[in-house]
Every structure is written in C-alpha cells, then in structure tokens.
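1. Quick one, structure for this:
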Amino acid sequence: MQLQIGYSLDEELSPIIPVLKGEVKSDIELAPIKVKGDELKFKINDLDLSFLPLPLLNFVSGVKLLSNGAFIVNRLGIKRIINKDPISSICVRGSNSTEYYFIKMMLSQKISPIISESEKCTGESTISFSGYDISIDSLWEKHCKDCPIILDLIGSLKLDINILSKLKVIIRESARLQEERGVIGKFSKELGLKGRESVKNFFELCYKKKICTINFDSIQII
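-> Residues are numbered from 1 along each chain as shown. Now for the predicted structure:
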C-alpha cells in the first residue's frame, strides 16, 4: 500500500527518512509530496497524510493526529535581513505556519508575513531555527517550561484508525532510528505527556490571545 504524505519543509521529513529509504520493513510505503505552506489546507483532502502546522486545525475539522513523527525544533527566532527596528515584515513558509503564530502570540508588535522561502526573502526578517536576533524560544520557555517547540504533527482526514495504528508503529520505529543517530529528539519519536502539554499550552495561549478559534479539547491525538 502506498500512501502520499504532504510536507512543506524538507526538515519535516527527518523522522520518516528510514521509512522512505526502506530501512523499516512494512507493507506500507510513504510517498512524499511537497506542498506550499498556504496551499496545504486546500489539498489536505487529496493527501493520505500530511505534516500539519498546528494552526491549520483552526480551518480543518476532523483531523486525526499522530503522536509520532512530529517536526520539532530546539530553537526558534527572528533573524534580521535589514537592520531595522521595529521589524514590520517577516518571511515565512505560510501565514498559518506554527512558527508565525508563535511570533504573533509572543510579540506585542505586529509583523506582517511574506510568504517566501528564506533564501528568496524580500522582507525585513526571516524565521530561523539556529542563529537569530530575536529569541522566540526563550519567550515560549517562560510560558511553558521545558516544553518542546512543536511545529507540525502528522495527521490525516482520510485514513481510518486501523491504518493509522499501523502507521504509528512504523513511524515510531523510524523515528527511533533517527533519535539513535542524533538526528531528532525524543519528542519527535513520541510526544509523551510533555509533548501533549506543549500542544495544549500552544492552543490555550492562542485561544486566549484570540488568534485561534479552537481549543485543545477538540483535538484528537492518537
């Protein structure tokens, strides 16, 4: 059985690389399909699975999310392209990307999104997962201590629980190999209680700030 999995950033695929390379034996094959960030909500019905930014759940109901294979970063911040303060624009992969919502939640100033790949950025700043000028992860740490920065979860509208349960096993094993290789962290392998707490805190803060319209209780993570 071949299943299409949508993604928008190459880094998202890190937990499932062993599956894609055939290192994890299974009768299920994953075929990655690259989709632009803001187009994902229009194509989610056509894909078997997708790496879904958390804010997308505001616009799509009935998604079943996996606790395995999450795209998680250790650091998150804003890197200036133009030496200007305050920053008024930032290049992001999508206006509904989790990283952009983190900025909207954590900073009081309004920063307009420019949908662009970072290397083609025409804005004043860009998202960075390493070196940056303004730290977002330190602000998140104050709000949710020791919580991972979860940007995307694997989810599906089409697949039933039986297939998703099989996928959980496959993706968890793939992520385990990547964790052992030092490619990803433990929360990408399995969210666990702390990972779920991070997702819950994200939506609680997002709802409180009146940026999100849903809360954690309406989200299904299996």
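
2. what residues are up against the closest residue to residue 131 other than its chain neighbours?
-> Of all residues not flanking residue 131 in the chain, residue 79 sits nearest, at 6.7 Å (CB to CB, 6 or more residues apart in numbering). For glycine as for every other residue, the C-beta is placed from the backbone atoms N, C-alpha and C. Applying CB atoms under 8 Å, 6 or more residues apart in numbering, we find residue 79 in contact with 125-128, 131-133.

3. Give me the subset of these lying in strands.
-> Of these, the ones assigned to strands by DSSP state E are 125-128.

4. Which of the three states applies to residue 72?
-> Secondary structure state of residue 72, per DSSP: H, G, I helix; E, B strand; the rest coil, is strand.

5. In TSV: the ones in strands among the contacts of residue 79, plus neighbour count, distance to residue 179 and pLDDT.
-> Converted to TSV, the ones in strands among the contacts of residue 79 look like this (neighbours: other CB atoms under 10 Å; distance: CB to CB, whole Å; pLDDT from 0 to 100):
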residue	neighbour count	distance to residue 179	pLDDT
125	25	32	94
126	21	28	93
127	24	24	93
128	19	24	93
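
6. Adding distance to residue 47, write those residues out as CSV.
-> Output for those, formatted as CSV (distance: CB to CB, whole Å):
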residue, distance to residue 47
125, 31
126, 27
127, 24
128, 28
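
7. What strand or helix carries residue 67?
-> Of the helices and strands defined by DSSP states H and E, none includes residue 67.

8. For it, which non-adjacent residue is spatially closest?
-> residue 191 (4.3 Å).

9. Mind giving me the packing neighbours of the longest strand seen in the chain?
-> Ranked by residue count under DSSP E, the longest strand found in the chain is strand 149-156. With contacts defined as 3 or more CB pairs under 8 Å, 6 or more residues apart in numbering; DSSP states H and E, strand 149-156 has these neighbours: strand 49-53, strand 64-65, strand 71-73, helix 98-106, helix 192-208.

10. mean confidence score for stretch 70-78?
-> On average, the pLDDT along stretch 70-78 is 96.

11. how about the most centrally placed residue in the chain, what does it touch?
-> Centroid-nearest residue in the chain, with CA atoms, centre = their mean: residue 152, separated by 1.7 Å. Going by CB under 8 Å, 6+ apart, residue 152 touches 12, 51-54, 70-71, 98.

12. quick one, domains of this protein?
-> Annotated domains of the chain cover 2-71+149-221, 77-143 [automatic domain parsing].
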